[in-house]
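# fold the following, please.
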Amino acid sequence: MTLKTFQLHIVLQGIEPKIWRRILVRENTPLVNFHRIIQTCFGWTNSHLHLFKDGMYEYSPAEFEVENTHDSRTLGLNDILHLEGQIIYYLYDFGDYWEHKITLEKIIKEIVYDQVPQCMEGARRGPPEDCGSIGGYYENLKIIADKKHEEYKSTKMWLGQRYDPEEFKIDKINKLLKRRDFGCQWFE
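So this is what the prediction gives:
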């Protein structure tokens with residue numbers, strides 16, 4: 001039996017212009033690995049808690065001790081996603097509250113792609129870690145757009161001199177996704 005491949009569209013909620021990715025993953029990808037894949041696709045560092053929501057239940061690793069959640073270590077993506085058009089949500093960093101809408105766009109029944117998981121396309125760089133949610137993200141963008149702003153130098157140093165919100169490096173993402181840890185370490 002050939003494993004199916006899910007084509008997923010992931011959009012970070014609340015930010016314009018949109019920050020999004022279209023990815024391929026195997027249907028039975030464990031949720032904890034799917035988390036790692038999303039982290040790599042958005043350029044994050046796995047520094048905060050996360051959970052998935054399917055409209056009825058929430059899922060996170062048991063060791064996070066998030067109340068009223070099911071253990072995401074025991075489930076695959078196909079345990080919560082079944083039909084094209086179905087939507088789930090991924091929440092990363094309960095403080096900054098980065099919520100992603102994930103839509104199952106297509107179920108591919110035959111193997112047609114050499115690399116899975118794979119990022120097929122997307123737009124814009126994910127927000128920096130610990131930037132203060134959507135409001136903080138917009139404030140940082142405003143500051144780095146104005147070289148005369150009193151916080152320009154310190155913000156550029158904090159973000160990294162080369163931080164470009166329009167940057168999207170698909171080749172780098174796909175290179176990382178080939179690694180055993182999908183480019184996202186998890187210290188266990």
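
# how's the chain carved up into domains?
Here the domain parsing of the chain from automatic domain parsing is 5-126+166-177, 127-164.

# most packed of those?
A comparison of the domains of the chain by mean neighbour count, using mean count of other C-beta atoms under 10 Å, puts domain 5-126+166-177 on top with a mean of 17. Where C-beta positions appear, they are placed from N, C-alpha and C, glycine not excepted.

# how about Leu12, phi and psi?
Per-residue torsions, Leu12: phi -70, psi 120 (degrees, to the nearest 10).

# ditto for Lys175
Backbone torsions for Lys175, taken as degrees, to the nearest 10, come to phi -60, psi -40.

# which residues are in contact with it?
Applying C-beta atoms under 8 Å, 6 or more residues apart in numbering to Lys175 gives the contacts Gly183.

# about what we covered before: save the domains of the chain as a markdown table, and put in distance to Trp186 too.
Converted to a markdown table, these look like this (distance: least, C-beta to C-beta, whole Å):
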| stretch | distance to Trp186 |
| --- | --- |
| domain 5-126+166-177 | 6 |
| domain 127-164 | 16 |
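
# dump these into CSV; add mean pLDDT as well.
Shown next, in CSV, are the domains of the chain (pLDDT from 0 to 100):
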stretch, mean pLDDT
domain 5-126+166-177, 95
domain 127-164, 93
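
# contacting residues for the most centrally placed residue in the chain?
The centre of the chain sits closest to Ile38, judged by C-alpha atoms, centre = their mean, with a distance of 3.0 Å. Going by C-beta under 8 Å, 6+ apart, Ile38 touches Ile10, Tyr90, Tyr92, His100.

# hmm, Gly126 and the third one touching each other?
No: Tyr92 sits out of contact with Gly126 when judged by C-beta atoms under 8 Å, with a separation of 9.5 Å.

# what segments of this structure are strands?
Assigned by DSSP state E, the strands in the chain fall at 5-12, 20-26, 50-53, 58-60, 70-71, 87-92, 98-108, 118-123.

# among the contacts of Ile38, which two are most distant?
By the measure C-beta to C-beta, Ile10 and Tyr92 form the most distant pair in those, at 11.2 Å.

# what touches both of the two?
Ile38, His100.

# quick one: end-to-end length of stretch 48-57, please.
Stretch 48-57 stretches 20 Å from its first residue to its last (C-alpha to C-alpha, to the nearest Å).

# from the chain's centroid, how far away is that stretch?
With C-alpha atoms, centre = their mean, to the nearest Å as the basis, stretch 48-57 stands 13 Å off its chain's centre.
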